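>>> predicted model and sequence below, questions to follow.
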Number of protein chains: 2
Amino acid sequence: MSKLFAIGPVEMHEETLEIGGKQVPYFRNEEFSQLVFSASAGLNRLLFNEKGELILLTCSGTGAMEATIMNCFTKEDNLIVIDGGSFGDRFAQICDTHEIPFKVVKVKQGETLTRDMIDELIADEKFTGLLVNLNETSIGQLYDIKMLSKLCKEKDLIFVVDAISAFLADEVNMSKYGIDAVVLSSQKALALAPGLSILALSEKMLNRVSKIDPKSIYFDFKDYLKNAERGQTPFTPAVRIIIELEDMVKRLEEKGIENIIKETNEIALYFRRRIKEIGLDYPSYPLSNAVTPVIFKDENAEEVYRELIDKYGFTVNPSGGENAKKMFRVAHVGKHSIEDTEELVLAIEEIINNKK
Amino acid sequence: MSKLFAIGPVEMHEETLEIGGKQVPYFRNEEFSQLVFSASAGLNRLLFNEKGELILLTCSGTGAMEATIMNCFTKEDNLIVIDGGSFGDRFAQICDTHEIPFKVVKVKQGETLTRDMIDELIADEKFTGLLVNLNETSIGQLYDIKMLSKLCKEKDLIFVVDAISAFLADEVNMSKYGIDAVVLSSQKALALAPGLSILALSEKMLNRVSKIDPKSIYFDFKDYLKNAERGQTPFTPAVRIIIELEDMVKRLEEKGIENIIKETNEIALYFRRRIKEIGLDYPSYPLSNAVTPVIFKDENAEEVYRELIDKYGFTVNPSGGENAKKMFRVAHVGKHSIEDTEELVLAIEEIINNKK
């Protein structure tokens, strides 16, 4: 009996697996168009993207992050990149590659992002946009969306949010926070197979996109938006994941976005309380409900990670590089409950007690 | 009882559907790396890519075509693009977007590509490479790979073959024909879900790629090649399709590439003979074994297409634009046999007889 507590792919639901096991249908027809319309409308509602549009891209989250930069900004822009880990780094690397001017607000390991850190950077320079990984998945820090939203409104900044791992775990309300673009991926809290990414664009961003010509055929948003009008994509999409998405979105809407976030929050809080009780720790900066970095003072995170798989069939996210021994991450999104979270805690406790 | 005779997604095998219905596993580990190694080695053998490497891209075929141009050519190149339909057009459009110099050899509807047509173009200009969609899927023409290979060797041209719909249906032997890059997609004869594309690069092409810096993070082949050394990809790949791929490649190798092509050829020839017998026709240019364009002199292709779905559950590929009434296409790749091909023929016959 194995279970995924990794942050993507995550533990999937029976309904999704059932769709995964079916013949993939022909898609250049009215039936599939209706399905695309249904999934897109539902996702827009879940994101409170009231007057915007949705784009379905067949690529990983990084492809979608890059496509966003290519279609939403030009060399005339000047961007603030919040960089607290590998995904912030990636935004910076993408801007660099596409020669979009940018400055980085570096959030060091263990540090909490504050308005002061950004104000320092923007004191004597004019910026046009801000890029943030709402949950910097590599360290689990949830940045303060209210603070960032206020800043973007004050300074008239285009607000781009990578919510790949935050969506359905933390509040991502495009209308309330004035978000112009949200990037999502299929394999996080949506709990689908990896291979599909989603872009939600605000009305303001649609206007911007209409005037930009990216040097790309595959990542040209104008082409996707034109095709989306008839419920299609310019190129053969990840048909099977889109069918899974439509089914999932319907079930998420039935449940209600507040209830989904609340449930994930309860599991995350439960896990964090229990982890302290068994003598482990987690970072003191604000955490996303999606994932908890577990800190091992005894530097045996790598061994515990390995034993969790070998003896219990539980997979968590190991850390790379210098953090490998100090930390692993546990996801609370996907098909999870307080019960299986407790099973994981007991397994971790058993392993560390055996090591004493 | 429905059946797909469309050219992608195609009718899938039970073994693949079984994998599709399973939980997608964590992939940043040795187990998944071994699976990637196994799939890649098998595909290289099926393509006779003796000293080259394989890249797994999470995108549609068009993404892979564009990535190939971006990573294999620069503004210093000058390419010949064989353009006999929408996929030839696409290669031209990609070169245009990325400012790679090129000239088009236009193959008009109904015409057969010949060496003379190319010689005329290259008479007073120096070229460095040739791009061809081996089976121009939109019209089913199979270009003469022996002729193209000879030309590329004589003129020292980099030889890029989009074999998306030709692979496993027609001969695609990289070693024999000196092919430098082959583009494949999961949803054609591999009969997997759409969402994964594959690039096979020759040793010569690997050398070329090592010197080119594409303006892209997501489509940077050097990054994929570096990660492939440890059986991984730089970004979360279409894990589920890669697992299906590994399983499929093993079964294809057991069967043998010659037997697979022979079987598809037999189905295609059977269908073409039967289609003539019931009073329909197909084009006179050389055809790929993958697909047969069926010509309706009575201009009722659209109606027959619709009735095939509604009354029999058989989906074929409708044509777009001016060809909509004149032609539809029937695929012979995927899970098909002489028996179900005969069922399709009988259904078409019944529909057209009822119309008389």
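Everything's here; your move. Numbers count the residues shown, from 1 in each chain, chains lettered A, B, ... in the order given.

>>> give the helix, strand or coil label for residue A:200.
Reducing the assignment to helix, strand or coil with DSSP: H, G, I helix; E, B strand; the rest coil, the entry for residue A:200 is strand.

>>> surely it and residue A:172 touch.
No - counting by CB atoms under 8 Å, residue A:200 sits too far from residue A:172 to count as a contact (9.1 Å). (Glycine included, C-beta is placed from N, CA and C.)

>>> and the residue lying closest to residue A:290 once chain neighbours are set aside, what pLDDT?
Closest residue in space to residue A:290, ignoring its immediate chain neighbours: residue A:169 at 3.7 Å, by CB to CB, 6 or more residues apart in numbering or on different chains. Looking at residue A:169, its pLDDT is 98.

>>> please enumerate the shared neighbours of residue A:200 and residue A:172.
By CB atoms under 8 Å, 6 or more residues apart in numbering or on different chains, residue A:200 and residue A:172 have these common neighbours: A:47, A:182.

>>> before we move on, the earlier item: burial count for the residue nearest to residue A:290?
By the measure other CB atoms under 10 Å in any protein chain shown, the count of residues near residue A:169 is 28.

>>> before we move on, what about residue A:302?
Burial of residue A:302 is recorded as 17 neighbouring residues (other CB under 10 Å).

>>> give the contact list for it.
Taking CB under 8 Å, 6+ apart, one finds A:318, A:324-325 in contact with residue A:302.

>>> what's across from the closest residue to chain B within the stretch 251-356 of chain A in the sheet?
Nearest residue of the stretch 251-356 of chain A to chain B: residue A:315, at 4.6 Å (CB to the nearest CB). Under the criterion DSSP bridges, residue A:315 forms beta bridges with residue A:4.

>>> that one is in contact with residue A:3, isn't it?
Yes - using CB under 8 Å, residue A:315 is in contact with residue A:3, at 7.4 Å.

>>> excluding its backbone neighbours, what's nearest residue A:62?
Leaving out its chain neighbours, the residue that sits closest to residue A:62 by CB to CB, 6+ apart is residue B:235, at 4.4 Å.

>>> and the closest residue to residue A:24 other than its chain neighbours, what element?
With CB to CB, 6+ apart as the criterion, residue A:24 has its nearest non-adjacent residue at 4.1 Å, and that residue is residue B:9. Taking DSSP states H and E as the criterion, no element holds residue B:9; it sits outside all helices and strands.

>>> before we move on, back to that, looks to me like the residue nearest to residue A:62 is in a helix.
No - Residue B:235: not assigned to a helix; according to three-state DSSP it is coil.

>>> I figured it was touching residue B:219, is that so?
No - shown here, residue B:235 and residue B:219 do not form a contact pair, counting by CB under 8 Å, at 10.6 Å.

>>> more neighbours: these two, which one.
Between residue B:235 and residue B:219, counted using other CB under 10 Å, the more crowded position is residue B:219 (26 against 21).

>>> before we move on, which element is the more buried one in?
Taking DSSP H and E as the definition, residue B:219 sits outside all helices and strands.

>>> surely it meets residue B:68?
No - Residue B:219 is not in contact with residue B:68 according to CB under 8 Å; the separation is 9.0 Å.

>>> quick one: is stretch A:82-92 near chain B?
Yes - contact of stretch A:82-92 with chain B is found when judged by CB under 8 Å from any CB of the partner chain, involving residue A:90.

>>> now do that stretch: distance to the chain's middle.
Stretch A:82-92 has its C-alpha centroid displaced from the chain centroid by 13 Å (CA atoms, centre = their mean, to the nearest Å).

>>> can you give me the buried ones in it?
By neighbour count with 16 or more other CB atoms under 10 Å in any protein chain shown, stretch A:82-92 contains the buried residues A:82-85, A:87-92.

>>> and for stretch A:164-178?
Within stretch A:164-178, the residues scored as buried using 16+ other CB under 10 Å are A:164-174, A:177-178.

>>> rewinding a little: now, the buried residues of stretch A:82-92 that are in helices?
Where the buried residues of stretch A:82-92 overlap with helices, as defined by DSSP state H, the overlap consists of A:87-92.

>>> and the two most separated of the residues you listed?
A:87 and A:92 (10.0 Å; CB to CB).

>>> so which of the contacts of residue A:302 is the most crowded?
When neighbours are counted as other CB under 10 Å, the busiest of the contacts of residue A:302 turns out to be residue A:318, with 21 neighbours.

>>> and that one, what pLDDT?
Residue A:318 is assigned a pLDDT of 94 by the prediction.

>>> and the residue nearest to residue A:62, what's its pLDDT?
In the prediction, the pLDDT value recorded for residue B:235 is 98.

>>> and the gap between it and residue B:127?
When distances are taken as CB to CB, to the nearest Å, residue B:235 and residue B:127 turn out to be 34 Å apart.

>>> and the residue of the stretch 1-150 of chain A closest to chain B?
Here the residue of the stretch 1-150 of chain A nearest chain B is residue A:21; by CB to the nearest CB that distance is 2.5 Å.
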